[in-house]
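Trainee: Make a model of this:
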Amino acid sequence: MERTGPTVRFSGLLAAATAAVLAAGALVATAPAAGAADVDLARNGGFESGLDGWSCTAASGAAVSTPVHGGTKALKATPAGSDNAKCSQSVTVKPNSSYTLSAWVQGSYVYLGASGTGTTDVSTWTQSSGAWKQLTTTFRTGPSTTSVSVYTHGWYGTPAHYVDDLTLVGPGGDPVVIPAVPAGLKTTAITSSSVALSWNAVSGASGYNVYRGGTKVATATGPSATVTGLTPSTAYSFQVSATNAAGESAKSAAVTATTTAGGGGGDTKLPARALVGYLHSSFANGSGYTRMADVPDSWDVINLAFGEPTSVTSGDIRFSLCPVAECPNVESEAEFKAAIKAKQAAGKKVLISIGGQNGQVQLASTAARDAFVTSVSKIIDTYGLDGLDIDFEGHSLSLNTGDTDFRSPTSPVIVNLISAVKSLKAKYGSDFVLTMAPETFFVQLGYQFYGSGPWGGQDPRAGAYLPVIHALRDDLTLLHVQDYNSGPIMGLDNQYHTMGGADFHIAMTDMLLAGFPVAGDTTKVFPGLRPDQVAIGLPASTQAGNGHTTPAEVNKALNCLIKKTDCGSYQTRGTWSDLRGLMTWSINWDRFNNWEFSRNFYAYFGN
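Mentor: Residues are numbered from 1 along each chain as shown. Predicted coordinates for the structure are as follows:
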C-alpha cells in the first residue's frame with residue numbers, strides 16, 4: 001500500500017531469473033545423426049500456417065513474411081513488460097527415446113528448449129544473433145513420458161526476435177489414448193468447509209477432474225486437490241477422473257467425507273459479504289485525512305495504516321496518529337479511541353496494519369520476533385483493536401537460497417513471522433482477526449517462480465508469502481491480495497493476465513481458491529483457500545494506484561467468480577459463491593472519489 005502515488009515493483013524478477021536460465025545454456029549439444037525411423041514431429045515448425053499448433057503468451061507472437069530463414073513465413077515474437085514472448089507446443093513422443101530439437105533464430109537473447117521430458121529438461125540460447133543462427137539441443141525422454149513441450153522465448157525488455165524452421169527429430173510417438181481410471185482416492189484433510197483429496201498419478205494423464213456428487217467442481221494438474229465452499233457437518237461424495245488430449249477416463253470409485261462442525265479458520269463473525277478498507281491514520285497524502293468517526297458504517301473492516309518499525313530489523317513496531325502539522329483536522333487520541341469503540345459496537349472490526357510501502361519489516365532474529373509480538377500487542381491493547389493486518393512489501397519477505405518448499409520454510413524472516421503471528425493468535429484467542437494484503441509478486445507469481453529457484457539467481461522474494469499464508473491458513477480471516485501495481489501474471493490457464501480489467505481479478509482470485517503447483521512442481525501444490533477467506537484487493541480511484549478497475553469491470557469479475565457468468569476467455573476452476581468481498585486502498589481515496597467504490601459494492605450485493 002502506498003502513502004503517496006503508485007509505485008510498480010515488478011522489475012525485480014527481470015534480471016533475477018537470468019542466472020538460472022543462462023545456466024541452462026550449458027546444455028547445448030551437437031545434434032547426432034537422425035536414425036532411419038526418426039521423423040520431424042514438430043507441427044508447423046516453419047510457421048507457414050501462421051501460429052497453427054503454437055500457443056504464445058499474451059499477444060506476443062505473429063507469423064511474418066520477412067525476415068525468414070526458409071519458406072515464406074517465420075515467427076516474430078516481442079517481449080513486453082514481464083512477458084518473455086514464449087511460444088510453445090505439445091508434441092507426442094515415445095518413452096526412453098532420444099530427440100534432437102533445432103531451430104533457426106535471429107535476435108538478442110533467444111531461447112529454445114523442451115520441458116516435461118521426464119529426465120532433464122533442456123534449453124539453449126544465443127546472446128546476440130545479427131544473422132540467422134541455428135540452435136540445437138538434445139534430450140532423452142523418461143520411461144513414462146509420452147509428450148513434451150517444446151518452446152522458444154526471448155528475454156524481458158529486449159526487442160523482437162525471430163524463429164524459423166523449428167524441428168523435433170526422433171521416433172514418432174504412439175497415438176494418445178484415454179488415460180486409465182485413477183486409483184487410490186482418499187481424503188487427506190477435512191475442515192468445516194473444505195476437503196483435501198489425493199489419488200495415485202495416472203500415466204499419460206495431463207490433468208484430472210474432481211467431482212462432488214457427480215458434478216465437476218475442480219480441476220488439477222497433479223494428483224491432489226482441495227474442494228472448498230462446503231457446509232459444516234455435511235457428508236459429501238467425491239470421485240476423480242484423468243484427462244489428456246484424447247479425452248477423459250471414467251470416474252474413480254467414490255470416497256465420502258463429512259465436514260467438521262463450526263466455522264474454523266479464523267471465522268470472526270464478519271458479514272457474508274465484507275467491505276474492507278485502509279484508513280490513513282498515521283499520515284496524510286493527496287486524498288486528505290479522514291477521522292475515524294467520519295468513516296461510514298458501510299466499511300466492515302477498517303485497517304489502520306500503518307504501524308511501522310523503528311528500524312528494518314528491530315521488530316519494534318510503533319503507531320501514532322498523524323501529526324497536526326501534517327493533518328490539521330486530526331482528532332485527539334481520546335476521540336480516536338472512542339470512535340474505534342463506537343465502530344466495534346456497531347459490529348465493525350478495526351485492525352492495525354503493519355508495513356505498507358515504507359514500513360519494511362524483517363524479523364531476521366528471534367529477538368526481532370519477540371519485539372514484534374510485544375510491540376504489536378501494545379498497540380492492540382492501547383487502542384482496543386480486533387486484530388492484525390500484515391501488509392509486508394518490498395524486501396520484508398524473501399527466501400534464502402535452498403528454501404524451496406513452501407510447506408516447510410527455513411528462512412528466518414519467514415519462520416519468525418509465522419511464529420510471531422501464532423503467538424499473537426494464542427494470546428488473543430479465537431476472536432483475533434488476521435488479514436493479509438500481499439502483492440501478486442509474493443503470491444500468484446509463485447505459480448512460475450519460487451524464491452531463488454533450483455539454480456539460484458531468481459528474485460528470492462518471488463512467492464515468498466506462500467509459506468506464511470499456508471502455515472497460518474487455519475488462523476487466517478481474510479487474504480486480500482493487491483490486484484494492482486502489478487506486472488502481468490500467469491494464471492492457471494498458462495496465459496498472462498494484465499491488471500485493470502475483470503480478467504485480471506478473475507484469474508488471480510481463481511488461483512487462490514483452486515490452488516496451484518508452486519513453480520510448476522506438481523508435488524508441491526499450494527492448496528486453495530476457502531472462498532470466505534478471500535477478498536479481491538483493488539484501488540479505490542485512479543489516483544490510488546496503478547490498475548484501477550471501473551465499477552462495471554469489478555461487477556464482471558464478481559459475476560464470474562460468484563455466478564460463473566461474464567467470465568470472458570478465462571474459465572474458473574469452480575463457482576466461488578462464498579467469496580467474502582472486496583478490499584480497497586483506501587477509505588480516504590474512496591472518499592476523495594465520492595465513495596464510488598463502496599457505493600458500487602453495496603449496489604452489487606444489494607445491501
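Trainee: Tell me, how many residues neighbour the residue nearest to residue 97 when sequence neighbours are not counted?
Mentor: Here the nearest residue to residue 97 in space, its sequence neighbours aside, is residue 171; by C-beta to C-beta, 6 or more residues apart in numbering that works out to 4.8 Å. Backbone N, C-alpha and C define where each C-beta goes, glycine included. Look at residue 171: counted by other C-beta atoms under 10 Å, it has 19 neighbours.
Trainee: Would you mind measuring from the most centrally placed residue in the chain to residue 119?
Mentor: Compute the mean C-alpha point of the chain, and by C-alpha atoms, centre = their mean the closest residue is residue 444, 1.1 Å away. Distance, residue 444 to residue 119, by C-beta to C-beta, to the nearest Å: 29 Å.
Trainee: where along the stretch 351-500 of the chain do the strands fall?
Mentor: Secondary structure of the stretch 351-500 of the chain (DSSP state E, counting those that start in this stretch): strands at 387-391, 433-436, 478-479, 489-490, 496-497.
Trainee: got those strands as CSV, with distance to residue 419 columns?
Mentor: Converted to CSV, these look like this (distance: least, C-beta to C-beta, whole Å):
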stretch, distance to residue 419
strand 387-391, 13
strand 433-436, 14
strand 478-479, 19
strand 489-490, 29
strand 496-497, 34
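Trainee: Among these, which comes closest to residue 187?
Mentor: The closest approach between residue 187 and any of the strands of the stretch 351-500 of the chain, judged by C-beta to C-beta, belongs to strand 478-479 at 23.9 Å.
Trainee: what's the pLDDT at the closest residue to residue 494 other than its chain neighbours?
Mentor: Among residues not flanking residue 494 along the chain, residue 55 sits closest, at 7.7 Å (C-beta to C-beta, 6+ apart). Residue 55 is assigned 87 on the pLDDT scale.
Trainee: For residue 55, which residues are in contact?
Mentor: Contact analysis of residue 55 by C-beta atoms under 8 Å, 6 or more residues apart in numbering lists 87-89, 494.
Trainee: wait, isn't residue 376 in contact with residue 307?
Mentor: Yes: in this structure residue 376 lies within contact range of residue 307 using C-beta atoms under 8 Å: 7.0 Å.
Trainee: Give me the distance between the residue nearest to residue 494 and residue 526.
Mentor: 24 Å.
Trainee: and if you look at residue 544?
Mentor: 29 Å.
Trainee: out of the two, which sits in the busier spot?
Mentor: residue 544 (29 against 26).
Trainee: Was I right to think that one contacts residue 587?
Mentor: No: with contact defined as C-beta under 8 Å, residue 544 does not count as touching residue 587 (10.5 Å).
Trainee: Could you list the buried residues of stretch 206-222?
Mentor: 206, 208-212, 217-222 (16 or more other C-beta atoms under 10 Å).
Trainee: Pull the most distant pair out of those.
Mentor: 206 and 212 (21.8 Å).
Trainee: so who does residue 530 touch?
Mentor: By C-beta under 8 Å, 6+ apart, residue 530 lies in contact with 191, 193-194, 228-229, 265, 578.
Trainee: Could you give the number of residues near residue 302?
Mentor: 27.
Trainee: Equivalent analysis for residue 560, please.
Mentor: 25.
Trainee: returning to what we had before: for the strands of the stretch 351-500 of the chain, could you give me JSON lines that also reports distance to residue 114 and mean neighbour count?
Mentor: Output for those, formatted as JSON lines (distance: least, C-beta to C-beta, whole Å; neighbours: other C-beta atoms under 10 Å):
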{"stretch": "strand 387-391", "distance to residue 114": "40", "mean neighbour count": "26"}
{"stretch": "strand 433-436", "distance to residue 114": "38", "mean neighbour count": "23"}
{"stretch": "strand 478-479", "distance to residue 114": "36", "mean neighbour count": "25"}
{"stretch": "strand 489-490", "distance to residue 114": "19", "mean neighbour count": "22"}
{"stretch": "strand 496-497", "distance to residue 114": "21", "mean neighbour count": "24"}
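Trainee: May I see those strands organised as TSV, with mean pLDDT and distance to residue 583 added?
Mentor: Output for these, formatted as TSV (pLDDT from 0 to 100; distance: least, C-beta to C-beta, whole Å):
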stretch	mean pLDDT	distance to residue 583
strand 387-391	97	10
strand 433-436	97	8
strand 478-479	98	8
strand 489-490	96	18
strand 496-497	95	19
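Trainee: for those, which one sits closest to residue 414?
Mentor: Of all these, strand 387-391 comes closest under C-beta to C-beta, at 12.0 Å.
Trainee: Point out the other helices and strands that that closest one packs with.
Mentor: Counting by 3 or more C-beta pairs under 8 Å, 6 or more residues apart in numbering; DSSP states H and E, the packing neighbours recorded for strand 387-391 are strand 301-309, strand 349-355, helix 366-383, helix 412-428, strand 433-436.
Trainee: who does that strand pair up with?
Mentor: In the sheet, strand 387-391 lines up against strand 349-355 (parallel), strand 433-436 (parallel) (DSSP bridges).
Trainee: beta partners for residue 235?
Mentor: residue 258.
Trainee: now residue 553: how far from residue 511?
Mentor: 18 Å.
Trainee: ok, those two, which is more surrounded?
Mentor: residue 511 (25 against 18).
Trainee: that older thread, could I have the buried ones of the contacts of residue 55 as ChimeraX selection syntax?
Mentor: Buried residues among these (16+ other C-beta under 10 Å), as a ChimeraX selection:
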select :87,88,89
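Trainee: Where strands are concerned, which of the contacts of residue 55 count?
Mentor: 87-89 (DSSP state E).
Trainee: Look at residue 595 and say how many residues are nearby.
Mentor: Using other C-beta under 10 Å, the number of residues around residue 595 comes to 16.
Trainee: Please name the nearest non-neighbouring residue to it.
Mentor: With C-beta to C-beta, 6+ apart as the measure, residue 296 is the residue that lies nearest to residue 595, at 7.3 Å, once sequence neighbours are left out.
Trainee: In three-state terms, how would that neighbour be classified?
Mentor: Three-state assignment for residue 296 (DSSP: H, G, I helix; E, B strand; the rest coil): coil.
Trainee: what does the model give it for pLDDT?
Mentor: 96.
Trainee: Phi and psi next, for it.
Mentor: Note on residue 296: its backbone torsions stand at phi -60, psi 160 [degrees, to the nearest 10].
Trainee: That one and residue 369, how far apart?
Mentor: Separation of residue 296 from residue 369 (C-beta to C-beta) stands at 37 Å.
Trainee: of these two, who's got more company?
Mentor: Neighbours were tallied for residue 296 and for residue 369 using other C-beta under 10 Å; the higher tally belongs to residue 369 (22 against 14).
Trainee: Now do the contacts for that one.
Mentor: 315, 363, 416-417, 419-420.
Trainee: And the residue nearest to residue 494, how far from residue 44?
Mentor: In terms of C-beta to C-beta, residue 55 sits 12 Å off from residue 44.
Trainee: Tabulate the contacts of residue 55 (CSV), appending pLDDT and distance to residue 352.
Mentor: Listed next are the contacts of residue 55 as CSV, based on pLDDT from 0 to 100; distance: C-beta to C-beta, whole Å:
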residue, pLDDT, distance to residue 352
87, 93, 47
88, 93, 46
89, 93, 51
494, 90, 39
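Trainee: Of the contacts of residue 55, which is the nearest to residue 253?
Mentor: Nearest to residue 253 among these: residue 494, at 30.9 Å, using C-beta to C-beta.
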